[in-house]
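> only geometry, no sequence info:
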């Protein structure tokens, strides 16, 4: 079949997010100028460069207590910094809980019973039990087409790795099984891998 995004009613559910999958989840912690902390997962997330390392995530929609924006984007625009926390299988329930629509002054760390850890180069807290956390400085905010769509691009200025998952100098992702989004209500864990050599 063929259809255009405007004709997606031909199917009971939009398959776009399921087509572009699996997608890593950026669990974004941020803070505003009044020290209100926010923690929220985003599946429109990825690394986009490595020298210097850069990441992006996109926020879609808005909150009733914000103007055309979500808490994460609002905080990052205010303070120019954020942290990306990676989601392990052990943190799946907490990640899902943090995705709720909470008031701005509610700390999702507390709702999810997650311990905060200090960062070295940004004032935003990170998740102490995350396998890896990326300290980021805001590079650019891009207003995307559509209603209330914003892309946040950040430069990674510091990286925290859990020693539990470092094996002979290699960061062993299979040991913590990252969570990825598949679309609809579906998720998966990464539990297998294979290697390929590039052609000469």
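Cool, got the structure. A quick note: this is a predicted structure, and the numbers were derived from the prediction, not measured. Numbering: from 1, shown residues only.
> please count neighbours and contacts with C-alpha atoms only from this point.
Noted.
> ok, residue 16 - contacts?
Residues counted as contacts of residue 16 (Cα atoms under 8 Å, 6 or more residues apart in numbering) are residue 183.
> and it, how far from residue 5?
Computed as Cα to Cα, to the nearest Å, the residue 16 to residue 5 distance reads 9 Å.
> how distant is the longest helix seen in the chain from the center of its chain?
The single longest helix within the chain, with elements called by DSSP state H, is helix 71-79. Centroid separation for helix 71-79 versus its chain: 14 Å, with Cα atoms, centre = their mean, to the nearest Å.
> swap in stretch 45-61?
9 Å.
> let the chain start at 31 from now.
In the new count, where the first residue is 31, that last one comes out as stretch 75-91.
> what mean pLDDT would you report for that stretch?
Across stretch 75-91, pLDDT averages out at 95.
> stretch 194-204 too?
pLDDT averaged over stretch 194-204 gives 96.
> also stretch 222-230?
For stretch 222-230, the per-residue pLDDT averages 94.
> which neighbouring elements make contact with the helix or strand just after the longest helix of the chain?
Scanning forward in sequence from helix 101-109 by DSSP states H and E, the next helix or strand is strand 111-115. Under the contact criterion of 3 or more Cα pairs under 8 Å, 6 or more residues apart in numbering; DSSP states H and E, strand 111-115 touches strand 56-61, strand 156-157, strand 162-173.
> can you tell me what sits against the last one?
It refers to strand 162-173. Under Cα under 8 Å, 6+ apart, the answer for strand 162-173 is 106-107, 110-116, 149, 151-152, 156-157, 179-192.
> run me through the strand neighbours of that strand, direction for each.
strand 111-115 (antiparallel), strand 179-191 (antiparallel) (DSSP bridges).
> state the mean pLDDT of the last one.
In this model, strand 179-191 carries a mean pLDDT of 97.
> what does the shortest one give?
What strand 111-115 shows for mean pLDDT is 98.
> roughly how far is that strand from the heart of the chain?
8 Å.
> now do the helix or strand following it: which elements does it pack against?
Downstream of strand 111-115, the first helix or strand assigned by DSSP H and E is helix 122-128. Packing contacts for helix 122-128, counted by 3+ Cα pairs under 8 Å, 6+ apart, involve strand 67-72, helix 138-141.
> pick the most deeply packed of those.
For the helices and strands packed on helix 122-128, average neighbour numbers computed from mean count of other Cα atoms under 10 Å are highest in strand 67-72, which has a mean of 24.
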